[in-house]
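Undergrad: Okay, here's the prediction I keep looking at, along with the sequence it came from:
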Amino acid sequence: MKIRFNRRMFTMMLLFSALNVAAVLVMRTGFHAAAHGVEASRSSLTSSDSEGMLFPRESESREVRELGGMWKFRADMSSNRNAGFEQQWWTKPLEQTGPVIDMPVPASYNDITQDRQLRDFVGWAWYQRSFYAPASWKNVKQRTVLRFESAHYNTIAWLNSKEIVRHNGGHLPFEADVSSVLSYDIPNVLTVAVNNTLTPHTIPPGTIQYMDDPDRYPPGYFVQNLQMDFFNYAGIQRPVKLYTTPSVYLDDITISTDIQGTTGYVNFDCVIKGNSSAVPVTVELLDKTEELVARVKSSGKGQVKVNDVKLWWPFTMSSDPAYLYTLKVTVMGSAGQSDVYRLPVGIRTVKVTSTQFLINSKPFYFRGFGRHEDSDIRGKGLDYPLIAKDFNLIKWVGANSFRTSHYPYAEEIMDMCDQQGIVVIDECPAVGLKTKENFSNKTLAHHKDVMTELVRRDKNRPSVVMWSVANEPASQLPEAEYYFKTVIQHTKQADSTRPVTLVINKAFNRDKGGQFADVVCLNNYYSWYHDMGHLEVIKYQAKYNLEQWYLKHHKPIIQTEYGADAVAGLHMDPPMMFSEEYQQEVMMNYFSVFDQFRQQYLIGEMIWNFADFMTAQSTTRVAGNKKGIFTRQRQPKTAAFVLRDRYWKLANQTGPRNTEL
């Protein structure tokens, strides 16, 4: 069999603007140029990095309308994956282009049908729905904005056949002002094309592999190779919203908090748009009962002082954890029209020493998980019952934290963290940076954009205490040193109030990225991926590894991944791999090592994983990764009870214990 990698596709930049579509379509050269999507650059209609991305919230001046439900859907199964652009599907009802099906939004499209081709589809998937704009919005001086909470990975959207926005990358929001495109009294037609192709320069990266052996593969056969160990779910996986603001409006706000004794301080910096001159801004801080705590009038920048402050504490560190104030911002525009926006605010501080992680000047020990947005049928689609169930399980176990492995989670999940005191290591989608090509200047530029978008979205969240710029990169490569120095410096410039890390699985004497991190985060799987079945080596290897990493950097360490697969209901004694007993023994051996270093420089332990999750098919994965302490259906394995016992004991040692859930 002869295999070749076609790189022409990966360097081809196709710009689908209203003016150059025809020219671009002429340039397309069949399957190789089209099957693997567009590395889409942003058009002038897309929000730039300098603009805000405030979560849409209803208020006296703002309306929010969800566009979820059943959309018309079809995957472009043409041989070159290019029919949608050749035939301009965005200009007509999608059902006129060929067979369509109903597709829920938000949801991943992969597991909705019985079609194996759709489950594993790579290329452009097309969505369409119609909606009416409220007549009350007509002839009013306001902005109307269309927002996607995320789509995976490259997206182009048209409203009434006019391109309105494109975005490169998944897991983060993007939006466009559609005031001039929106129709009234007749239906508006929204068409969206989403491409899930991963290339060496996407975040996360991947490759397309062409199989040229005509004796074994049909003409043009290719596969998407993943460099990550989770399924490449795709589609419009989070809500699509239409919202309004007055013509003079709050575009963005950045807050930081500080504490001196019993006094808290909330520093704010507002960005006002829609007016060429300064406008009055009133900032009010309200407590949980909506009683006024303080009021400041300014031009948009200032400080609110809070006497007898109630701090935001993590779950189990206080009898009243996760206290949230409300920052009410009122912008006075023209003709007496005002814009009102309310932002939840938690007052807390974060500091890192050579041996400790401090929240509100008290040592914090991470008891948590690596997780995934993953469940049956909906894939990575947002699902409120699942969110509620997961947070109940997190608190039942006695955990106080998790990492958003390996991508930013939905804002609805982040809201729950703020509200319930669950601490977050907020990770970008840079998982699988394995080759020299993944560390190119092209990838670096995109990576910096992604970190800018992530910080912009989550900068005001009290639950977010640290940024993670990557998971398990090839940090031993020479290219990694400059790469991670640059990405981490960029992240610190975007937010100087939080530490920055990357999650490492390379040897301490080969890694080139940890030197730039504020906290060392380590993944290892002793007695699983090597020394398989030899539980007796865990204590020796884990102890040696922690000691050497601290000797090298003198920075606090979090064990961000460890564990073993366990098939629920498989029992073997003596323990053998994949049995629940083996998973339990792996945990107990790690625990004994953690306990040796908890009073020194180990500041956290996060088991992999919270729940079983889907992966690509392989001989090492039986319908997904089985390292969860819960099944994919959120039923506990033996490991869940073992971890619950440990986490609640640790909670009792580090702070007031809440009632077990």
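TA: Now that the structure is in, tell me what you want to look at.
Undergrad: Ile272: which element?
TA: Taking DSSP states H and E as the criterion, Ile272 maps to strand 263-273.
Undergrad: Tell me the buried residues in that strand?
TA: Using 16 or more other C-beta atoms under 10 Å as the test for burial, strand 263-273 gives 264, 266, 268, 270-272. All C-beta atoms are positioned from the backbone trio N, CA, C, and that covers glycine.
Undergrad: Equivalent analysis for stretch 607-620, please.
TA: Within stretch 607-620, the residues scored as buried using 16+ other C-beta under 10 Å are 607-616.
Undergrad: now swap in stretch 81-101 and tell me
TA: For stretch 81-101, using 16+ other C-beta under 10 Å, the buried residues are 81-85, 87, 89-90, 94, 97, 100.
Undergrad: tell me which of those residues is nearest to Gln476?
TA: Nearest to Gln476 among the buried residues of stretch 81-101: Arg81, at 36.1 Å, using C-beta to C-beta.
Undergrad: which SS state does that closest one fall under?
TA: The three-state label given to Arg81 by DSSP: H, G, I helix; E, B strand; the rest coil is coil.
Undergrad: just checking, it touches Trp126?
TA: No: contact between Arg81 and Trp126 fails when scored by C-beta atoms under 8 Å: they sit 11.1 Å apart.
Undergrad: about what we covered before: Throw the buried residues of stretch 607-620 into JSON lines and include secondary structure, pLDDT and distance to Glu175, thanks.
TA: Listed next are those as JSON lines, based on DSSP: H, G, I helix; E, B strand; the rest coil; pLDDT from 0 to 100; distance: C-beta to C-beta, whole Å:
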{"residue": "Ile607", "secondary structure": "strand", "pLDDT": "98", "distance to Glu175": "36"}
{"residue": "Trp608", "secondary structure": "strand", "pLDDT": "96", "distance to Glu175": "34"}
{"residue": "Asn609", "secondary structure": "coil", "pLDDT": "96", "distance to Glu175": "32"}
{"residue": "Phe610", "secondary structure": "coil", "pLDDT": "98", "distance to Glu175": "31"}
{"residue": "Ala611", "secondary structure": "strand", "pLDDT": "98", "distance to Glu175": "31"}
{"residue": "Asp612", "secondary structure": "coil", "pLDDT": "97", "distance to Glu175": "34"}
{"residue": "Phe613", "secondary structure": "strand", "pLDDT": "96", "distance to Glu175": "29"}
{"residue": "Met614", "secondary structure": "coil", "pLDDT": "95", "distance to Glu175": "29"}
{"residue": "Thr615", "secondary structure": "coil", "pLDDT": "94", "distance to Glu175": "32"}
{"residue": "Ala616", "secondary structure": "coil", "pLDDT": "92", "distance to Glu175": "32"}
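Undergrad: For the protein, just list every one of the helices.
TA: Ranges of helices within the chain are 8-11, 21-27, 31-34, 83-86, 116-119, 384-397, 411-420, 441-458, 478-494, 538-553, 580-597, 638-654, based on DSSP state H.
Undergrad: and Tyr221, which of those is closest to it?
TA: Between Tyr221 and the helices of the chain, the shortest gap by C-beta to C-beta is with helix 31-34, which sits at 10.4 Å.
Undergrad: average pLDDT across that closest one?
TA: Taken as a whole, helix 31-34 has an average pLDDT of 34.
Undergrad: With stretch 180-198 instead?
TA: For stretch 180-198, mean pLDDT is 96.
Undergrad: Give me the distance between the two termini of it.
TA: The straight-line separation of the ends of stretch 180-198 (C-alpha to C-alpha, to the nearest Å) is 34 Å.
Undergrad: Could you check the pLDDT of the residue nearest the centre of the chain?
TA: The geometric centre of the chain, computed from its C-alpha atoms, lies nearest to Pro408 (C-alpha atoms, centre = their mean), at 1.0 Å. Looking at Pro408, its pLDDT is 98.
Undergrad: try Asn652
TA: So Asn652 comes in at 89 (pLDDT).
Undergrad: Sounds good, over and out.
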